[in-house]
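>>> test case, fold it:
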Amino acid sequence: MILDDNRDSAARRTFSATARLLSALKLDGPLLVGLGLLSVYALVVQYSASGQSLETILRTAMRIGIGAFAMIALAHSSPNFLRSLAPWLYGVGIVLLLVVDAIGYVGKGAQRWLDLGLIRFQPSEIMKLAVPMAAAAFLHERPLPPDWRALLVLVVIVMFPVALVALQPDLGTAMLIAAAGILLVLMAGLQWQIIVGLIVIAGIGAVVGWHFMHDYQQQRIRIFLDPQSDPLGSGYHINQSQIAIGSGGLFGKGWMNGSQAQLDFLPERSTDFIFAVIGEEFGLLGLIVLMLLYLFIVSRAVFLATQASGTFARLLGLSLALTFFVYVFINAGMVTGLLPVVGVPLPLISYGGTSVVTLLAGFGILMGLYSHRKLVNS
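Numbering: from 1, shown residues only. Down below sits the predicted model:
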(Lines give C-alpha, C1' and ligand atoms only; values in the text may rest on other atoms or scores of the structure.)
Protein backbone atom coordinates (compact mmCIF):
# COMPACT_ATOMS: atom_id res chain seq x y z
CA MET A 1 0.00 0.00 0.00
CA ILE A 2 2.84 2.34 0.88
CA LEU A 3 4.59 1.44 -2.40
CA ASP A 4 1.43 2.25 -4.36
CA ASP A 5 1.15 5.61 -2.61
CA ASN A 6 4.80 6.35 -3.39
CA ARG A 7 4.31 5.47 -7.04
CA ASP A 8 1.20 7.67 -7.25
CA SER A 9 3.06 10.52 -5.59
CA ALA A 10 6.02 10.15 -7.99
CA ALA A 11 3.66 10.05 -10.97
CA ARG A 12 1.91 13.21 -9.80
CA ARG A 13 5.22 15.00 -9.33
CA THR A 14 6.36 13.94 -12.80
CA PHE A 15 3.10 15.06 -14.37
CA SER A 16 3.24 18.37 -12.50
CA ALA A 17 6.85 18.98 -13.56
CA THR A 18 6.01 18.17 -17.19
CA ALA A 19 3.01 20.52 -17.10
CA ARG A 20 5.17 23.34 -15.70
CA LEU A 21 7.82 22.76 -18.38
CA LEU A 22 5.25 22.82 -21.19
CA SER A 23 3.69 25.96 -19.73
CA ALA A 24 7.08 27.66 -19.57
CA LEU A 25 7.76 26.71 -23.19
CA LYS A 26 4.23 27.87 -24.20
CA LEU A 27 3.56 24.44 -25.72
CA ASP A 28 0.27 22.54 -25.77
CA GLY A 29 0.74 19.04 -24.37
CA PRO A 30 -1.93 17.12 -26.33
CA LEU A 31 -0.96 18.72 -29.65
CA LEU A 32 2.72 18.11 -28.93
CA VAL A 33 2.02 14.42 -28.22
CA GLY A 34 0.09 14.11 -31.50
CA LEU A 35 2.90 15.72 -33.49
CA GLY A 36 5.48 13.55 -31.72
CA LEU A 37 3.61 10.34 -32.55
CA LEU A 38 3.24 11.48 -36.17
CA SER A 39 6.98 12.16 -36.35
CA VAL A 40 7.77 8.67 -35.05
CA TYR A 41 5.34 7.22 -37.60
CA ALA A 42 7.15 9.21 -40.30
CA LEU A 43 10.58 7.84 -39.33
CA VAL A 44 9.31 4.25 -39.36
CA VAL A 45 7.69 4.63 -42.78
CA GLN A 46 10.59 6.61 -44.24
CA TYR A 47 13.07 3.90 -43.30
CA SER A 48 11.13 1.39 -45.39
CA ALA A 49 10.21 3.75 -48.24
CA SER A 50 13.82 4.93 -48.64
CA GLY A 51 15.15 1.39 -48.96
CA GLN A 52 16.47 1.24 -45.39
CA SER A 53 18.57 4.37 -45.84
CA LEU A 54 20.03 5.59 -42.53
CA GLU A 55 21.05 8.83 -44.23
CA THR A 56 17.40 9.55 -45.06
CA ILE A 57 16.37 8.88 -41.47
CA LEU A 58 19.10 11.14 -40.10
CA ARG A 59 18.15 13.91 -42.52
CA THR A 60 14.48 13.55 -41.62
CA ALA A 61 15.25 13.57 -37.89
CA MET A 62 17.43 16.66 -38.34
CA ARG A 63 14.65 18.51 -40.17
CA ILE A 64 12.14 17.54 -37.52
CA GLY A 65 14.59 18.88 -34.94
CA ILE A 66 14.94 22.20 -36.79
CA GLY A 67 11.16 22.39 -37.11
CA ALA A 68 10.76 21.67 -33.38
CA PHE A 69 13.19 24.50 -32.58
CA ALA A 70 11.20 26.87 -34.82
CA MET A 71 7.97 25.69 -33.16
CA ILE A 72 9.27 26.40 -29.66
CA ALA A 73 10.62 29.81 -30.70
CA LEU A 74 7.38 30.89 -32.39
CA ALA A 75 5.25 29.57 -29.52
CA HIS A 76 6.63 32.50 -27.49
CA SER A 77 5.48 35.03 -30.09
CA SER A 78 2.51 37.18 -29.11
CA PRO A 79 -0.31 37.95 -31.55
CA ASN A 80 0.76 41.61 -31.59
CA PHE A 81 4.28 40.65 -32.63
CA LEU A 82 3.01 38.27 -35.32
CA ARG A 83 0.63 40.90 -36.65
CA SER A 84 3.43 43.45 -36.93
CA LEU A 85 5.66 40.80 -38.56
CA ALA A 86 3.06 39.76 -41.15
CA PRO A 87 3.59 42.50 -43.80
CA TRP A 88 7.39 42.15 -43.56
CA LEU A 89 7.27 38.38 -43.93
CA TYR A 90 4.87 38.72 -46.84
CA GLY A 91 7.08 41.29 -48.55
CA VAL A 92 10.23 39.19 -48.09
CA GLY A 93 8.39 36.15 -49.44
CA ILE A 94 7.30 38.03 -52.57
CA VAL A 95 10.84 39.28 -53.19
CA LEU A 96 12.24 35.76 -52.81
CA LEU A 97 9.66 34.39 -55.25
CA LEU A 98 10.73 37.01 -57.79
CA VAL A 99 14.39 36.07 -57.20
CA VAL A 100 13.53 32.41 -57.76
CA ASP A 101 11.84 33.33 -61.00
CA ALA A 102 15.02 35.10 -62.12
CA ILE A 103 17.89 32.93 -60.86
CA GLY A 104 16.30 30.01 -59.03
CA TYR A 105 17.70 26.47 -59.10
CA VAL A 106 16.02 24.24 -61.69
CA GLY A 107 15.19 20.67 -60.71
CA LYS A 108 12.83 18.14 -62.32
CA GLY A 109 11.75 20.72 -64.86
CA ALA A 110 10.71 23.33 -62.29
CA GLN A 111 12.41 26.48 -61.03
CA ARG A 112 11.36 26.42 -57.37
CA TRP A 113 14.49 26.55 -55.21
CA LEU A 114 17.10 29.01 -54.03
CA ASP A 115 20.50 27.35 -53.74
CA LEU A 116 22.56 28.98 -50.97
CA GLY A 117 25.37 26.45 -51.10
CA LEU A 118 24.91 24.80 -47.72
CA ILE A 119 21.14 24.65 -48.02
CA ARG A 120 18.52 24.68 -50.75
CA PHE A 121 15.02 25.83 -49.87
CA GLN A 122 11.69 26.74 -51.48
CA PRO A 123 10.59 30.35 -50.80
CA SER A 124 7.06 29.28 -51.73
CA GLU A 125 6.91 27.44 -48.38
CA ILE A 126 7.24 30.78 -46.60
CA MET A 127 4.05 31.97 -48.27
CA LYS A 128 2.07 29.14 -46.66
CA LEU A 129 2.49 31.15 -43.45
CA ALA A 130 2.90 34.65 -44.84
CA VAL A 131 -0.35 34.73 -46.84
CA PRO A 132 -2.75 33.85 -44.00
CA MET A 133 -0.77 36.07 -41.62
CA ALA A 134 -1.00 39.04 -44.00
CA ALA A 135 -4.71 38.45 -44.71
CA ALA A 136 -5.52 38.11 -41.00
CA ALA A 137 -3.52 41.26 -40.20
CA PHE A 138 -5.41 43.17 -42.89
CA LEU A 139 -8.77 42.10 -41.44
CA HIS A 140 -7.75 42.96 -37.88
CA GLU A 141 -9.95 45.77 -36.49
CA ARG A 142 -11.91 45.91 -39.75
CA PRO A 143 -15.66 45.23 -39.71
CA LEU A 144 -16.66 41.68 -40.53
CA PRO A 145 -17.85 40.38 -42.87
CA PRO A 146 -15.51 42.30 -45.21
CA ASP A 147 -17.05 44.58 -47.82
CA TRP A 148 -16.24 44.39 -51.52
CA ARG A 149 -13.30 46.81 -51.21
CA ALA A 150 -11.70 44.67 -48.53
CA LEU A 151 -12.38 41.56 -50.61
CA LEU A 152 -10.53 43.06 -53.58
CA VAL A 153 -7.49 43.72 -51.39
CA LEU A 154 -7.67 40.17 -50.01
CA VAL A 155 -7.83 38.75 -53.53
CA VAL A 156 -4.60 40.58 -54.38
CA ILE A 157 -2.91 39.48 -51.13
CA VAL A 158 -3.76 35.83 -51.83
CA MET A 159 -3.61 35.52 -55.59
CA PHE A 160 -0.41 37.45 -56.36
CA PRO A 161 1.90 34.94 -54.65
CA VAL A 162 -0.30 32.08 -55.91
CA ALA A 163 0.31 33.24 -59.47
CA LEU A 164 4.08 33.54 -58.90
CA VAL A 165 4.26 29.99 -57.48
CA ALA A 166 2.08 28.56 -60.25
CA LEU A 167 4.49 30.01 -62.84
CA GLN A 168 7.48 28.09 -61.39
CA PRO A 169 5.52 25.77 -62.09
CA ASP A 170 4.34 24.34 -58.76
CA LEU A 171 0.60 23.86 -58.97
CA GLY A 172 0.41 21.83 -55.76
CA THR A 173 2.01 24.48 -53.53
CA ALA A 174 0.04 27.22 -55.31
CA MET A 175 -3.18 25.37 -54.42
CA LEU A 176 -2.15 25.07 -50.77
CA ILE A 177 -1.32 28.78 -50.51
CA ALA A 178 -4.64 29.62 -52.14
CA ALA A 179 -6.46 27.26 -49.74
CA ALA A 180 -4.90 29.01 -46.71
CA GLY A 181 -6.07 32.39 -47.95
CA ILE A 182 -9.51 31.29 -49.12
CA LEU A 183 -10.29 29.46 -45.87
CA LEU A 184 -9.39 32.56 -43.88
CA VAL A 185 -11.63 34.77 -46.03
CA LEU A 186 -14.53 32.32 -45.71
CA MET A 187 -14.17 32.23 -41.93
CA ALA A 188 -14.27 36.03 -41.86
CA GLY A 189 -17.91 35.67 -42.87
CA LEU A 190 -19.30 36.18 -46.36
CA GLN A 191 -22.86 36.56 -47.61
CA TRP A 192 -24.07 33.58 -49.62
CA GLN A 193 -24.47 35.74 -52.74
CA ILE A 194 -20.77 36.61 -52.62
CA ILE A 195 -19.81 32.96 -52.08
CA VAL A 196 -21.87 31.90 -55.11
CA GLY A 197 -20.31 34.69 -57.14
CA LEU A 198 -16.81 33.61 -56.12
CA ILE A 199 -17.59 30.01 -57.08
CA VAL A 200 -18.74 31.17 -60.52
CA ILE A 201 -15.60 33.27 -60.93
CA ALA A 202 -13.46 30.32 -59.83
CA GLY A 203 -15.18 28.12 -62.42
CA ILE A 204 -14.54 30.64 -65.16
CA GLY A 205 -10.95 30.99 -63.96
CA ALA A 206 -10.48 27.22 -64.12
CA VAL A 207 -11.70 27.15 -67.74
CA VAL A 208 -9.44 30.04 -68.70
CA GLY A 209 -6.54 28.64 -66.67
CA TRP A 210 -6.73 25.34 -68.57
CA HIS A 211 -5.29 27.07 -71.63
CA PHE A 212 -2.33 28.36 -69.62
CA MET A 213 -1.44 24.99 -68.08
CA HIS A 214 1.64 23.08 -69.16
CA ASP A 215 1.03 19.98 -71.25
CA TYR A 216 1.95 17.64 -68.37
CA GLN A 217 -0.52 19.44 -66.07
CA GLN A 218 -3.34 19.02 -68.59
CA GLN A 219 -2.38 15.38 -68.99
CA ARG A 220 -2.71 14.87 -65.23
CA ILE A 221 -6.33 16.05 -65.43
CA ARG A 222 -7.03 13.70 -68.34
CA ILE A 223 -5.46 10.78 -66.47
CA PHE A 224 -7.56 11.61 -63.41
CA LEU A 225 -10.70 11.27 -65.55
CA ASP A 226 -9.45 8.06 -67.22
CA PRO A 227 -6.43 6.45 -65.47
CA GLN A 228 -6.38 3.52 -67.92
CA SER A 229 -5.97 5.70 -71.01
CA ASP A 230 -2.16 5.64 -70.59
CA PRO A 231 -1.31 2.98 -67.96
CA LEU A 232 2.41 2.80 -68.82
CA GLY A 233 2.86 6.54 -69.35
CA SER A 234 1.09 9.40 -67.59
CA GLY A 235 -1.18 7.01 -65.68
CA TYR A 236 1.66 4.86 -64.35
CA HIS A 237 1.96 6.65 -60.99
CA ILE A 238 -1.68 6.42 -60.01
CA ASN A 239 -2.10 2.85 -61.30
CA GLN A 240 0.88 1.60 -59.29
CA SER A 241 -0.35 3.51 -56.26
CA GLN A 242 -3.79 1.91 -56.43
CA ILE A 243 -2.22 -1.54 -56.89
CA ALA A 244 -0.03 -0.98 -53.81
CA ILE A 245 -2.92 0.16 -51.60
CA GLY A 246 -5.22 -2.59 -52.84
CA SER A 247 -2.64 -5.35 -52.36
CA GLY A 248 -2.12 -4.31 -48.73
CA GLY A 249 -5.58 -5.50 -47.77
CA LEU A 250 -6.69 -5.11 -44.16
CA PHE A 251 -3.45 -5.85 -42.29
CA GLY A 252 -0.80 -5.13 -44.97
CA LYS A 253 2.17 -7.16 -46.13
CA GLY A 254 4.36 -6.13 -43.23
CA TRP A 255 6.97 -3.46 -42.63
CA MET A 256 9.57 -3.39 -45.45
CA ASN A 257 7.73 -6.23 -47.24
CA GLY A 258 5.77 -4.21 -49.78
CA SER A 259 6.55 -5.47 -53.28
CA GLN A 260 5.43 -2.34 -55.15
CA ALA A 261 7.59 -0.09 -52.99
CA GLN A 262 10.60 -2.33 -52.36
CA LEU A 263 10.90 -3.43 -55.99
CA ASP A 264 10.70 0.17 -57.30
CA PHE A 265 7.37 -0.21 -59.08
CA LEU A 266 5.94 2.71 -57.08
CA PRO A 267 7.43 6.09 -58.14
CA GLU A 268 8.09 8.91 -55.63
CA ARG A 269 7.52 6.45 -52.80
CA SER A 270 9.35 8.57 -50.21
CA THR A 271 7.60 11.80 -51.11
CA ASP A 272 4.26 12.31 -52.86
CA PHE A 273 3.19 8.63 -52.88
CA ILE A 274 4.28 7.55 -49.42
CA PHE A 275 0.58 7.12 -48.50
CA ALA A 276 0.55 4.12 -50.86
CA VAL A 277 3.58 2.62 -49.08
CA ILE A 278 1.68 2.80 -45.79
CA GLY A 279 -1.35 1.17 -47.37
CA GLU A 280 0.70 -1.67 -48.83
CA GLU A 281 2.84 -2.44 -45.77
CA PHE A 282 0.41 -1.65 -42.93
CA GLY A 283 -2.89 -2.18 -44.74
CA LEU A 284 -6.20 -0.46 -44.16
CA LEU A 285 -5.67 -0.55 -40.40
CA GLY A 286 -2.37 1.32 -40.76
CA LEU A 287 -4.07 4.00 -42.85
CA ILE A 288 -6.91 4.27 -40.32
CA VAL A 289 -4.40 4.77 -37.48
CA LEU A 290 -2.69 7.49 -39.52
CA MET A 291 -6.00 9.21 -40.32
CA LEU A 292 -7.08 9.09 -36.67
CA LEU A 293 -3.78 10.68 -35.70
CA TYR A 294 -4.30 13.43 -38.26
CA LEU A 295 -7.88 13.89 -37.04
CA PHE A 296 -6.69 14.30 -33.46
CA ILE A 297 -4.08 16.90 -34.48
CA VAL A 298 -6.54 18.89 -36.59
CA SER A 299 -9.25 18.74 -33.89
CA ARG A 300 -6.86 19.91 -31.20
CA ALA A 301 -5.52 22.67 -33.47
CA VAL A 302 -9.05 23.90 -34.21
CA PHE A 303 -9.83 23.93 -30.48
CA LEU A 304 -6.73 26.02 -29.74
CA ALA A 305 -7.63 28.43 -32.54
CA THR A 306 -11.19 28.94 -31.29
CA GLN A 307 -9.87 29.79 -27.81
CA ALA A 308 -7.57 32.53 -29.10
CA SER A 309 -8.42 36.18 -28.51
CA GLY A 310 -9.02 38.72 -31.24
CA THR A 311 -9.88 38.62 -34.91
CA PHE A 312 -6.28 38.23 -36.06
CA ALA A 313 -5.50 35.31 -33.74
CA ARG A 314 -8.71 33.37 -34.37
CA LEU A 315 -8.65 33.77 -38.16
CA LEU A 316 -4.95 32.92 -38.44
CA GLY A 317 -5.24 29.95 -36.08
CA LEU A 318 -8.25 28.46 -37.86
CA SER A 319 -6.60 28.97 -41.25
CA LEU A 320 -3.45 27.13 -40.14
CA ALA A 321 -5.45 24.28 -38.58
CA LEU A 322 -7.84 23.74 -41.49
CA THR A 323 -5.15 24.13 -44.15
CA PHE A 324 -3.28 21.24 -42.51
CA PHE A 325 -6.42 19.17 -43.04
CA VAL A 326 -6.49 20.27 -46.69
CA TYR A 327 -2.90 18.99 -47.12
CA VAL A 328 -3.94 15.56 -45.87
CA PHE A 329 -7.14 15.50 -47.93
CA ILE A 330 -5.40 16.44 -51.19
CA ASN A 331 -2.54 13.95 -50.81
CA ALA A 332 -4.81 11.05 -49.80
CA GLY A 333 -7.23 11.88 -52.62
CA MET A 334 -4.40 12.22 -55.12
CA VAL A 335 -2.76 8.89 -54.23
CA THR A 336 -6.06 6.96 -54.24
CA GLY A 337 -7.22 8.44 -57.55
CA LEU A 338 -10.01 10.60 -56.11
CA LEU A 339 -8.17 13.80 -57.09
CA PRO A 340 -5.71 14.70 -59.88
CA VAL A 341 -2.00 14.28 -59.16
CA VAL A 342 -0.73 17.75 -58.21
CA GLY A 343 2.46 17.01 -56.26
CA VAL A 344 1.28 17.69 -52.69
CA PRO A 345 3.29 15.78 -50.02
CA LEU A 346 1.69 13.98 -47.08
CA PRO A 347 2.27 16.46 -44.22
CA LEU A 348 5.04 15.52 -41.78
CA ILE A 349 5.27 12.02 -43.32
CA SER A 350 6.68 12.63 -46.82
CA TYR A 351 10.43 13.20 -47.13
CA GLY A 352 11.13 16.89 -47.41
CA GLY A 353 12.98 19.74 -45.76
CA THR A 354 11.34 23.14 -45.96
CA SER A 355 7.79 21.77 -45.76
CA VAL A 356 8.46 19.96 -42.44
CA VAL A 357 9.97 23.07 -40.88
CA THR A 358 7.13 25.26 -42.19
CA LEU A 359 4.41 22.98 -40.84
CA LEU A 360 5.97 22.74 -37.37
CA ALA A 361 6.54 26.50 -37.38
CA GLY A 362 2.83 26.93 -38.15
CA PHE A 363 1.90 24.80 -35.15
CA GLY A 364 4.28 26.90 -33.05
CA ILE A 365 2.41 30.03 -34.14
CA LEU A 366 -0.88 28.35 -33.26
CA MET A 367 0.36 27.42 -29.78
CA GLY A 368 1.59 30.97 -29.30
CA LEU A 369 -1.81 32.40 -30.25
CA TYR A 370 -3.44 30.10 -27.69
CA SER A 371 -0.95 30.65 -24.88
CA HIS A 372 -1.27 34.44 -25.20
CA ARG A 373 -5.07 34.44 -25.10
CA LYS A 374 -6.80 36.75 -22.63
CA LEU A 375 -8.09 34.98 -19.56
CA VAL A 376 -11.72 35.86 -18.92
CA ASN A 377 -13.17 35.12 -15.49
CA SER A 378 -16.47 33.30 -15.58
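>>> where along the stretch 51-200 of the chain do the helices fall?
Along the stretch 51-200 of the chain, counting by DSSP state H, counting those that start in this stretch, helices occupy 54-75, 79-103, 124-139, 148-166, 171-187, 192-210.
>>> and of those helices, who's closest to Tyr41?
For the helices of the stretch 51-200 of the chain, proximity to Tyr41 was assessed by Cβ to Cβ; helix 54-75 is nearest, at 11.6 Å. (Each C-beta comes from the backbone N, C-alpha and C, glycine too.)
>>> the closest one to helix 79-103, inter-axis angle?
140 degrees (axes from the mean of the first three to the mean of the last three Cα atoms, to 10 degrees).
>>> what is helix 54-75 packed up against?
For helix 54-75, the packing partners by 3 or more Cβ pairs under 8 Å, 6 or more residues apart in numbering; DSSP states H and E come out as helix 29-49, helix 354-371.
>>> report the angle between that helix and helix 124-139.
20 degrees.
>>> what's in contact with helix 54-75?
For helix 54-75, the surrounding residues in contact (Cβ atoms under 8 Å, 6 or more residues apart in numbering) are 25-27, 39, 42-43, 46-47, 50, 270, 351-353, 356-361, 363-365, 367-368, 371.
>>> can we see that at 7 Å?
Residues from elsewhere that reach helix 54-75, judged by Cβ atoms under 7 Å, 6 or more residues apart in numbering: 25-27, 39, 42-43, 46-47, 50, 351, 353, 356-357, 359-361, 363-365, 367-368, 371.
>>> again, but for stretch 357-373
Contacts for stretch 357-373 (Cβ under 7 Å, 6+ apart): 26-28, 31, 35, 63, 66-68, 70-79, 82, 125, 128-129, 301, 304-305, 307-309, 313, 316-317, 320-321, 347-348.
>>> thinking again about what came up before, now render the helices of the stretch 51-200 of the chain as JSON lines, adding mean neighbour count, distance to Val328 and mean pLDDT.
Below are the helices of the stretch 51-200 of the chain laid out as JSON lines (neighbours: other Cβ atoms under 10 Å; distance: least, Cβ to Cβ, whole Å; pLDDT from 0 to 100):
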{"stretch": "helix 54-75", "mean neighbour count": "17", "distance to Val328": "17", "mean pLDDT": "92"}
{"stretch": "helix 79-103", "mean neighbour count": "16", "distance to Val328": "24", "mean pLDDT": "90"}
{"stretch": "helix 124-139", "mean neighbour count": "26", "distance to Val328": "14", "mean pLDDT": "93"}
{"stretch": "helix 148-166", "mean neighbour count": "17", "distance to Val328": "20", "mean pLDDT": "90"}
{"stretch": "helix 171-187", "mean neighbour count": "23", "distance to Val328": "11", "mean pLDDT": "88"}
{"stretch": "helix 192-210", "mean neighbour count": "11", "distance to Val328": "22", "mean pLDDT": "71"}
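>>> out of these, which gets nearest to Leu285?
Of all the helices of the stretch 51-200 of the chain, helix 54-75 comes closest under Cβ to Cβ, at 23.8 Å.
>>> distance to Ala261 added to the helices of the stretch 51-200 of the chain, as JSON lines?
Formatted as JSON lines, those follow (distance: least, Cβ to Cβ, whole Å):
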{"stretch": "helix 54-75", "distance to Ala261": "14"}
{"stretch": "helix 79-103", "distance to Ala261": "32"}
{"stretch": "helix 124-139", "distance to Ala261": "26"}
{"stretch": "helix 148-166", "distance to Ala261": "30"}
{"stretch": "helix 171-187", "distance to Ala261": "21"}
{"stretch": "helix 192-210", "distance to Ala261": "34"}
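>>> got a PyMOL select line for the buried ones in the contacts of helix 54-75?
This is how PyMOL selects the buried members of the contacts of helix 54-75, with burial counted by 16 or more other Cβ atoms under 10 Å:
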select buried, resi 26+27+39+42+46+47+50+351+353+356+357+359+360+361+363+364+365+367+368+371
